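Asker: Any chance you could fold what I've pasted below:
(2 chains)
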Amino acid sequence: LAKTTQPISMDSYEGQEVNITCSHNNIATNDYITWYQQFPSQGPRFIIQGYKTKVTNEVASLFIPADRKSSTLSLPRVSLSDTAVYYCLVGPLSGNTGKLIFGQGTTLQVKP
Amino acid sequence: DGGITQSPKYLFRKEGQNVTLSCEQNLNHDAMYWYRQDPGQGLRLIYYSQIVNDFQKGDIAEGYSVSREKKESFPLTVTSAQKNPTAFYLCASSKPDPGQGVFEQYFGPGTRLTVT
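Answerer: Modelled structure (predicted):
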């Protein structure tokens, strides 16, 4: 599975847009990019998943350039409740067998 | 309400005792997983099961055992052989192959195990 690199921590203020970038230079052709959010003492929660270009849902957008060696999770107008750890994962959908690799993640601190 | 339940939320045990953590899901998912999380760290896969009566070791299976006798249940036993069992344990489930859809793991609320 492709290794990912993302910043350990980020700070932001309420109302700002936050962009968290993940590097995955060894991404394979059949790999997808997935982001999870985790609050303290809770299980991670799926945010968004994509293969290329741009994916948007009700909570976030995922930007993936043509070479797919990186991706950016964009959180519009964050609030205090978006303070959490965000994990970037890369792997195939088919035959995944659960081998998702959760690295250390990015701890996002949103300040008032 | 569909989801995953883990019990108890907090568990305390003495060193040398085996302890079993419960995980139940009513999402009708075939695949289930157990992860361990240590403070400030990501999740590490202990065991996973894609179907009833079958399971595979993850990256850190030593000192743990599982069973999968029912689709809904995937209990994890932390044995006395596990050298450092104090951690936050998370259970998850998923459809094994979404085909064209999104592959998503649904996580339970976790069990925090403390062994002294």
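Asker: Count the neighbours of residue 69 for me.
Answerer: Looking at chain A here, since you left the chain open. A count of neighbours around A:Lys69, defined by other CB atoms under 10 Å in any protein chain shown, yields 13. C-beta: built from backbone N, CA, C; applies to glycine.
Asker: you looked at the wrong chain, it should be chain B
Answerer: B:Glu69 is surrounded by 10 other residues when neighbours are defined as other CB under 10 Å.
Asker: And A:Tyr87, by the same measure?
Answerer: Using other CB under 10 Å as the criterion, A:Tyr87 is surrounded by 26 other residues.
Asker: which secondary structure element contains it?
Answerer: Under the criterion of DSSP states H and E, A:Tyr87 resides in strand A:84-92.
Asker: That strand and chain B in contact?
Answerer: Yes - Strand A:84-92 comes into contact with chain B when judged by CB under 8 Å from any CB of the partner chain, the residues involved being A:Tyr87.
Asker: who's in contact with B:Leu21?
Answerer: The neighbourhood of B:Leu21, defined by CB atoms under 8 Å, 6 or more residues apart in numbering or on different chains, consists of B:6, B:11, B:75-78, B:89, B:91, B:111, B:113.
Asker: can you map out the helices along chain B?
Answerer: For chain B, none of the segments meets the definition of helices by DSSP state H.
Asker: For chain A, what's its nearest residue on it.
Answerer: B:Phe107 (2.7 Å; CB to the nearest CB).
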